[in-house]
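Chemist: Quick one: sequence and predicted model below, then my questions.
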Amino acid sequence: MTNKDQQSSSLPQFPVLSTGVAPGVVFCCYPITNEPEVTVNSTWDDSNKSCTVLLECSSTSNRSVTYSWSVKNQTQSGTRLKVNIRPEDGETTVTCTISDHVSEKSASKPVNCSNITDSVPPDVEASTCPSSSSIIHKKVGDTVKLSSCLPTEGVTLATWKHRDTEVADKDLGVTTAFKDRFDLNRTDFSLTVNRLTLQDSGNFSFISDVNDKQRPTVVITLQVHEPITKEPDVTVNSTWDDSNKSCTVLVECRSTSDSVTYSWSVKNKTQSGSRLKVDIRPEDGETTVTCTISDHVSKKSASKPVKCSNNTDSVLPPGTCR
């Protein structure tokens, strides 16, 4: 929240007077207090190798407002926007602004384009002969294929264990308790686990003999995660520095998810951490700050538009018409 918003929220919400379009006509109304809501729907077009992004902006204001969009240094009016972007465009920020005669509010969304089939991590195969430190990260509902990457010739015993429980054997197949989700390939002895759950996390061990002589046990650690479902919450606090004629903006990002990594994107620069400090000037106009939270299998982003202004110039006394 900027100083302007903080000061405004601490004062009684007096109506603001504004001259109308007709001479001598004056409107009196309360300023807009809530940001608009922006929804995004992106579809991959394989023929053009691009994304068609449909955006819609809605407001909870109970009076007539005007909608406008800002994207790629272009503006457009209306509640809906259609834009085409490509993967090489990187992150594109779209901003919706609602306004009336006396006030305005904006909300931004970061949009990325990727081939949906490419953006879903493929099944991870232990095709590089995993060591004892091999870790595979997957999300709930995914499928994973576990391979020992050991030679199959002359194998007389091949058994998979999950933790201390035997789940599959080359002669007996998959244990009854796991048949609905586990599959054993009896040619290469790879184990496929479908519809992963959090309980599937842990060590999978492949125990095998060649000509009745035991080989080293292969251990693969599987970690199954709940994907991030909620965008982070971004709060803004801006302070005017009269000596430098600029604003010091303190931004904080919070998430309801556990064990996530925070990163910021502002002015084509990135920075890690849950907090960010940035200096902007009035002549910079609207600056968008974006916080991204991520884990091993998913990520979510949220953006805030920030403007710098001298508070003494930006706050109108109650009942004043400028």
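Modeler: All right, it came through fine. Numbers count the residues shown, from 1 in each chain.
Chemist: would you list every one of the strands in the stretch 201-322 of the chain?
Modeler: For the stretch 201-322 of the chain, strands defined by DSSP state E, counting those that start in this stretch occupy the ranges 202-210, 213-214, 218-225, 233-241, 246-254, 261-266, 269-272, 275-280, 287-294, 299-306.
Chemist: In JSON lines: the ones you listed, plus distance to residue 91 and mean pLDDT.
Modeler: From N, CA and C alone the C-beta is placed, and that goes for glycine too. Output for the strands of the stretch 201-322 of the chain, formatted as JSON lines (distance: least, Cβ to Cβ, whole Å; pLDDT from 0 to 100):
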{"stretch": "strand 202-210", "distance to residue 91": "36", "mean pLDDT": "93"}
{"stretch": "strand 213-214", "distance to residue 91": "52", "mean pLDDT": "92"}
{"stretch": "strand 218-225", "distance to residue 91": "23", "mean pLDDT": "90"}
{"stretch": "strand 233-241", "distance to residue 91": "15", "mean pLDDT": "90"}
{"stretch": "strand 246-254", "distance to residue 91": "16", "mean pLDDT": "91"}
{"stretch": "strand 261-266", "distance to residue 91": "7", "mean pLDDT": "90"}
{"stretch": "strand 269-272", "distance to residue 91": "10", "mean pLDDT": "86"}
{"stretch": "strand 275-280", "distance to residue 91": "16", "mean pLDDT": "90"}
{"stretch": "strand 287-294", "distance to residue 91": "7", "mean pLDDT": "90"}
{"stretch": "strand 299-306", "distance to residue 91": "8", "mean pLDDT": "89"}
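Chemist: As JSON lines, those strands with mean neighbour count and distance to residue 113 would be great.
Modeler: Converted to JSON lines, the strands of the stretch 201-322 of the chain look like this (neighbours: other Cβ atoms under 10 Å; distance: least, Cβ to Cβ, whole Å):
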{"stretch": "strand 202-210", "mean neighbour count": "18", "distance to residue 113": "36"}
{"stretch": "strand 213-214", "mean neighbour count": "10", "distance to residue 113": "51"}
{"stretch": "strand 218-225", "mean neighbour count": "19", "distance to residue 113": "25"}
{"stretch": "strand 233-241", "mean neighbour count": "16", "distance to residue 113": "23"}
{"stretch": "strand 246-254", "mean neighbour count": "18", "distance to residue 113": "24"}
{"stretch": "strand 261-266", "mean neighbour count": "18", "distance to residue 113": "16"}
{"stretch": "strand 269-272", "mean neighbour count": "10", "distance to residue 113": "19"}
{"stretch": "strand 275-280", "mean neighbour count": "15", "distance to residue 113": "25"}
{"stretch": "strand 287-294", "mean neighbour count": "21", "distance to residue 113": "16"}
{"stretch": "strand 299-306", "mean neighbour count": "20", "distance to residue 113": "14"}
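Chemist: Could you point out the helix or strand that follows the lowest-mean-pLDDT helix or strand in the chain?
Modeler: Lowest on mean pLDDT, DSSP states H and E among the helices and strands of the chain sits helix 116-119, with a mean of 36. For helix 116-119, the following helix or strand on the C-terminal side (DSSP states H and E) is strand 135-139.
Chemist: List the contacts of that next one.
Modeler: By Cβ atoms under 8 Å, 6 or more residues apart in numbering, the surrounding residues in contact with strand 135-139 are 121, 124, 126, 144, 146, 196, 220-227, 296-298.
Chemist: Give me the buried positions along that strand.
Modeler: For strand 135-139, a neighbour-count test (16 or more other Cβ atoms under 10 Å) marks 136-139 as buried.
Chemist: Could you look up the next helix or strand downstream of that strand?
Modeler: Trace forward from strand 135-139 with DSSP H and E and the next one is strand 144-146.
Chemist: Now the element after that next one, going C-ward?
Modeler: Following strand 144-146 in sequence, per DSSP H and E, is strand 155-162.
Chemist: List the strands paired with that next one, with their directions.
Modeler: Counting by DSSP bridges, the strands paired with strand 155-162 are strand 165-169 (antiparallel), strand 202-210 (antiparallel).
Chemist: one step back: can you put the strands of the stretch 201-322 of the chain in a markdown table and add distance to residue 98?
Modeler: Below are those laid out as a markdown table (distance: least, Cβ to Cβ, whole Å):
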| stretch | distance to residue 98 |
| --- | --- |
| strand 202-210 | 50 |
| strand 213-214 | 70 |
| strand 218-225 | 37 |
| strand 233-241 | 18 |
| strand 246-254 | 22 |
| strand 261-266 | 23 |
| strand 269-272 | 29 |
| strand 275-280 | 23 |
| strand 287-294 | 17 |
| strand 299-306 | 12 |
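Chemist: hmm, which two among the buried residues of strand 135-139 are most spread apart?
Modeler: 136 and 139 (11.4 Å; Cβ to Cβ).
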